[in-house]
Structures are given as C-alpha cells and as structure tokens.
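# Provided below for reference: sequence and predicted model.
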Amino acid sequence: MHITLLGPPGSGKGMIADRLERAFHYTHISAGAMLREEVAKGTRLGKDIRKYLENGKLVPDELVTDMVKLEARGKKHFVLDGFPRSLGQAKAITDLHLNNVILLDIAEKAVIQRFSGRRVCSQAGHGYHLKFLPPRKAGRCDIDGSKLVRRKDDRPSVIRDRFRIYR
Ligand code: AMP
C-alpha cells in the first residue's frame with residue numbers, strides 16, 4: 001500500500017497517518033516532521049530550513065523530494081503525510097508508485113479552531129488536541145512521555161498564510 005494524505009494544514013493528516021502506522025505498521029513519512037528534525041539538529045541545512053518553516057512557506061522542492069524518496073525507498077507499505085505539496089514534487093515521485101490518494105477537505109474556520117488547541121510532543125511530534133484528542137496525562141505524550149508543546153507555525157497569521165499557500 002502506497003498512500004498519500006493530502007489536505008490543508010490542520011486537516012488531520014498527521015493524526016490519520018499515526019493511526020495507520022499503529023494499526024497496520026505502515027511507515028509514516030511526514031515531510032514536515034523530517035524538516036523539523038533537521039532544524040532541531042541545528043545543522044547548516046537546518047538553519048536554512050528554519051526560515052521557511054517559521055513563516056509557513058514551502059521548502060524548495062528538490063530538498064524535500066530527496067528526503068522523502070530516501071525514506072520511502074524499499075518500503076512495502078508507507079503513508080506520506082503532507083507530500084507532495086506542489087506540482088514539481090508530484091512529478092518527481094512517479095517512481096514511488098502511489099496507489100491511494102486520500103484528500104481531507106476542511107474549512108479554514110475549522111482549522112483555526114483546531115490549531116488553537118493543537119499540541120505536539122517535543123520528542124517525536126506525536127499529535128494531540130486539548131479538547132478533541134487530549135493526552136491521558138495532561139501536558140505529556142502518551143507514547144514517549146515527553147512534554148507537549150505548541151508549534152511555532154500554529155499562530156493565526158501563519159495559519160492563514162499556510163492555508164493560502166495550500167490553496
Ligand atoms: P506540516 O507538518 O505538514 O504542517 O508542515 C510544516 C511545514 O513544513 C510547512 O508549512 C512547510 O514549511 C514545510 N513542509 C512540509 N511539507 C512540505 C513539502 N511537501 N514541501 C515543502 N515544504 C514542506
């Protein structure tokens with residue numbers, strides 16, 4: 001199964017991919033998570049990527065495409081989350097042979113509401129929502145126990161920009 005989940009920021013791509021990973025052991029490949037990891041490592045590349053992420057802008061195609069393809073290569077089952085996000089990226093991955101595309105459609109107003117309560121774990125980015133998907137223990141990840149934090153690009157002005165870029 002080679003799946004990709006498409007949809008605007010906040011549509012639940014990450015959460016659904018997490019569930020597919022837990023239920024069927026599909027490899028969850030999140031372009032955004034890989035980019036955030038590079039930023040956290042503090043590498044030179046990470047410093048360049050940071051500017052795009054914090055402003056909600058798309059990272060250049062070539063860079064993201066290489067990262068995703070490297071991760072997906074040789075995997076029997078995988079679910080892509082947030083990739084492809086441009087025509088260039090879509091054209092560059094014909095060799096990954098996607099056979100399922102799921103579009104999560106959601107209104108901008110609902111996204112803003114969701115983001116205000118969204119939290120992610122500081123260790124691996126597992127997703128929660130204070131109201132709709134709370135962790136068992138307040139402020140801590142159910143899976144690895146790390147602290148739950150708010151993402152920097154979840155500010156309303158950045159969300160609106162990310163939505164515009166998505167459209
Ligand atoms: P996400 O975690 O999917 O919401 O992505 C967070 C941020 O990572 C986006 O706002 C972009 O800055 C960057 N990003 C994620 N996926 C891609 C992609 N496929 N192409 C370019 N930039 C991406």
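That came through fine. Just so we're clear, the structure is a prediction, and the values are computed from it rather than from any experiment.
# what's the distance between the residue of the chain positioned farthest from its centre and Met15?
Ranked by distance from the centre of the chain (Cα atoms, centre = their mean), the top residue is Lys137, with 23.6 Å. Distance of Lys137 to Met15, computed by Cβ to Cβ, to the nearest Å: 19 Å. For the C-beta atoms, the positions are set from N, CA and C on the backbone; glycine is no exception.
# In this protein, what residue lies closest to the ligand?
Gly32 (2.1 Å; Cβ to the nearest ligand atom).
# can you pull the pLDDT of the nearest residue to Glu71 once chain neighbours are set aside?
What sits nearest to Glu71 in space, not counting adjacent residues and going by Cβ to Cβ, 6 or more residues apart in numbering, is Ile29, at 5.0 Å. Note for Ile29: predicted pLDDT of 96.
# My read is that Lys152 contacts Gly56, right?
No - counting by Cβ atoms under 8 Å, Lys152 does not reach Gly56; the two are 9.7 Å apart.
# Which of these two has more residues huddled nearby?
Neighbour tally, Lys152 and Gly56, criterion other Cβ atoms under 10 Å: the higher count belongs to Gly56, 21 against 14.
# show me the contacts for that one.
Gly56 is in contact with Pro9, Asp153, Val158, Ile159, Asp161, Arg162, Ile165, counting by Cβ atoms under 8 Å, 6 or more residues apart in numbering.
# Kindly recompute the last result at 7 Å.
Asp153, Val158, Asp161, Arg162, Ile165 (Cβ atoms under 7 Å, 6 or more residues apart in numbering).
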